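Engineer: Take a look and give me a structure for this.
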Amino acid sequence: QVQLAESGGGLVQAGDSLRLSCAASRRLLRDFAMGWFRQAPGKEREFVAGIIWLGGGTRYADSVKGRFTVSKDNALNTAYLQMNSLKPEDTGVYYCAVGRLVYTELVSATGYDYWGQGTQVTVSS
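Structural biologist: Predicted coordinates for the structure are as follows:
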């Protein structure tokens, strides 16, 4: 079992930045990956970014490339999502998730085994 705790959400204006954190309750094994997803009201949950725990390979949704950066701190069992140049369309509940995944599987929510409770990000225009 892995418990995940997100933090760092909030209300910001367009163009601002936020950094989300996702802390895992235990050390993540080398074959794990962590993903960030978001869900806006009335929409399906969508992939935002993901990172392979061993090696640090990353993947991003086209809508956030160049603005968001995912990173990790192995010693703290924590991943981060740095969000810059935020837009109103980035508004939603952001979730982190972990699972035993390879790079090509990062974008699909069905491959993740454990999910955090979510943190709200609201970007006003």
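Engineer: all contacts plus neighbour counts: C-alpha atoms, from now on.
Structural biologist: Fine.
Engineer: nearest spatial neighbour of residue 31, skipping sequence neighbours?
Structural biologist: residue 100 (5.5 Å; CA to CA, 6 or more residues apart in numbering).
Engineer: for residue 88, that is, sorry about that
Structural biologist: Closest to residue 88 by CA to CA, 6+ apart is residue 123, at 4.7 Å.
Engineer: and that neighbour, bridged to which residues?
Structural biologist: residue 12 (DSSP bridges).
Engineer: if I pick it, what's in contact with it?
Structural biologist: Residue 123 makes contacts with 11-14, 86-91, as judged by CA atoms under 8 Å, 6 or more residues apart in numbering.
Engineer: can you pull the pLDDT of it?
Structural biologist: Residue 123 is assigned a predicted lDDT (pLDDT) of 98.
Engineer: cool, residue 19 as well?
Structural biologist: In this model, residue 19 carries a pLDDT of 98.
Engineer: so what's the closest residue to it other than its chain neighbours up against?
Structural biologist: Closest residue to residue 19 apart from its sequence neighbours, by CA to CA, 6+ apart: residue 82 at 4.4 Å. Going by CA under 8 Å, 6+ apart, residue 82 touches 17-20, 68-70.
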